[in-house]
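[1] Fold the following and give me the result.
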Amino acid sequence: MQGIADYDFIRPLGSGNHGHFFLARRPRRLPVDVEFVAVKVLHAESSDVAFRRATRELAAFAAVRSPYLVTPIDAGQQDGVFFYSMEYLPAGSLADPAEPYTTVQGLRALAAAARAAAALHAAGIAHRDIKPGNVLLHPDGGRLSDLGLSQVFAAGVTVTGMGGLDAIEYVDPALLLGGAPGPAGDVWSLGVVLHRVTTGTGVYGDLPESDGLLALRRVLSTTPRVSDSLPGPVADLVRECLGPADQRPDAATLADRIDGIQP
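    Reported below is the predicted structural model:
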């Protein structure tokens, strides 16, 4: 794809929920002092589906003002295809960094993501797809990105979609079984990311990368295991995040406790 509207794409940045990300030069009409932006182009299975998905993402962004969320810049539609642009963070993500990051940098980014999640929760929104690829590195710590699966949590509302294969190990199994989204599910995800940042491994071991059904079966049939290499306080925090939903710390508390980790 060469571009959309007045955005000229430079290169792909990867795929997210129901769309692809591209690096683009900022159109002159945009009143922001940056050279590059990231553009998400949503898949258009049908115009109605695409419209609902686009408006849900943009509504989630509009509902919350947090310095720890990626900043949206512009949105539009061309030939039935919806897109929006946002700030571009060249350092990459915890999953695909531009250069290797230290454990301290990873923890700072994760604490920022937890604070972004807390802001979403205060607005009644669950992110539902917190994973290393959506935790972006920033000189100030990090930013939480991609609200493509975000959903208002309310009684009787259940999960209506899932992310890619790389998201399965970070999803609360209760949600995979049809449970309602909410803050506790995001805290589970943050706990699993914390485990990976501090150990380099997942709580389910190595999951098959090309067989989503097998990975899903593994997650649903395996008890998460916290690495013996983790210091006691960090291991305890991960276990709390993976514990019973009503006993998990809230995202703001989790952020503060991550800040207190001494790797």
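[2] I figured residue 140 was touching residue 112, is that so?
    Yes - with contact defined as CB atoms under 8 Å, residue 140 and residue 112 form a contacting pair (7.4 Å). The C-beta positions use only the backbone N, C-alpha and C, and glycine is treated the same way.
[3] Neighbour count for these two, which is higher?
    Between residue 140 and residue 112, residue 112 has the larger neighbour count (other CB atoms under 10 Å), namely 26 against 11.
[4] In which helix or strand does that one reside?
    helix 103-122 (DSSP states H and E).
[5] Give me the distance from that helix to the chain's centre.
    Distance of helix 103-122 from the chain centroid (CA atoms, centre = their mean, to the nearest Å) equals 10 Å.
[6] helices and strands around the very next helix or strand once past that helix, which ones?
    Counting by DSSP H and E, the element after helix 103-122 in chain order, helix or strand, is strand 125-126. For strand 125-126, the elements it packs on are strand 151-152, helix 183-199, judged by 3 or more CB pairs under 8 Å, 6 or more residues apart in numbering; DSSP states H and E.
[7] redo that, cut-off 7 Å
    Packing contacts for strand 125-126, counted by 3 or more CB pairs under 7 Å, 6 or more residues apart in numbering; DSSP states H and E, involve helix 183-199.
[8] Name the residues of the helix or strand following the helix it packs on that are buried.
    Sequence order places helix 212-221 as the next helix or strand after helix 183-199, per DSSP H and E. Buried residues in helix 212-221, counted by 16 or more other CB atoms under 10 Å: 215-216, 218-219.
[9] In the stretch 101-250 of the chain, where is pLDDT below threshold?
    Filtered on pLDDT under 70, the stretch 101-250 of the chain yields the residue ranges 147-166.
[10] what domains does the record give for the protein?
    As assigned by automatic domain parsing, the chain contains the domains 3-87, 103-259.
[11] Could I get those domains in TSV, plus columns for distance to residue 96?
    Formatted as TSV, those follow (distance: least, CB to CB, whole Å):
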stretch	distance to residue 96
domain 3-87	7
domain 103-259	7
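[12] Need the winner for burial among the ones you listed.
    With neighbours taken as mean count of other CB atoms under 10 Å, the domains of the chain reach their highest mean count in domain 103-259, at a mean of 19.
[13] Off-centre distance for it?
    Computed by CA atoms, centre = their mean, the chain-centroid distance of domain 103-259 equals 9 Å.
[14] picking up where we left off before, quick one, which of the domains of the chain is nearest to residue 93?
    Closest of the domains of the chain to residue 93 is domain 103-259, at 5.1 Å (criterion: CB to CB).
[15] tell me how far the ends of the closest one are from each other?
    End-to-end distance for domain 103-259, by CA to CA, to the nearest Å: 12 Å.
[16] what's the answer for stretch 15-29, then?
    One end of stretch 15-29 sits 26 Å from the other (CA to CA).
[17] for this protein, what spans make up the helices?
    Applying DSSP state H to the chain gives helices spanning 47-63, 103-122, 173-176, 183-199, 212-221, 232-241, 251-259.
[18] As CSV, the ones you listed with distance to residue 25 would be great.
    As requested, the helices of the chain are exported to CSV (distance: least, CB to CB, whole Å):
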stretch, distance to residue 25
helix 47-63, 22
helix 103-122, 26
helix 173-176, 38
helix 183-199, 32
helix 212-221, 35
helix 232-241, 40
helix 251-259, 34
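[19] Out of those helices, flag the one nearest residue 205.
    Residue 205 lies closest to helix 212-221 among the helices of the chain, at 8.2 Å (CB to CB).
[20] hey, which strand is longest across the protein?
    Assignment by DSSP state E gives strand 7-16 as the longest strand of the chain.
[21] pLDDT on that strand, on average?
    The pLDDT scores in strand 7-16 average 88.
[22] start at 60 instead
    Will do, 60 is the new start, and the previous item becomes strand 66-75.
[23] Just list the residues touching residue 311, thanks.
    By CB atoms under 7 Å, 6 or more residues apart in numbering, residue 311 lies in contact with 174, 177.
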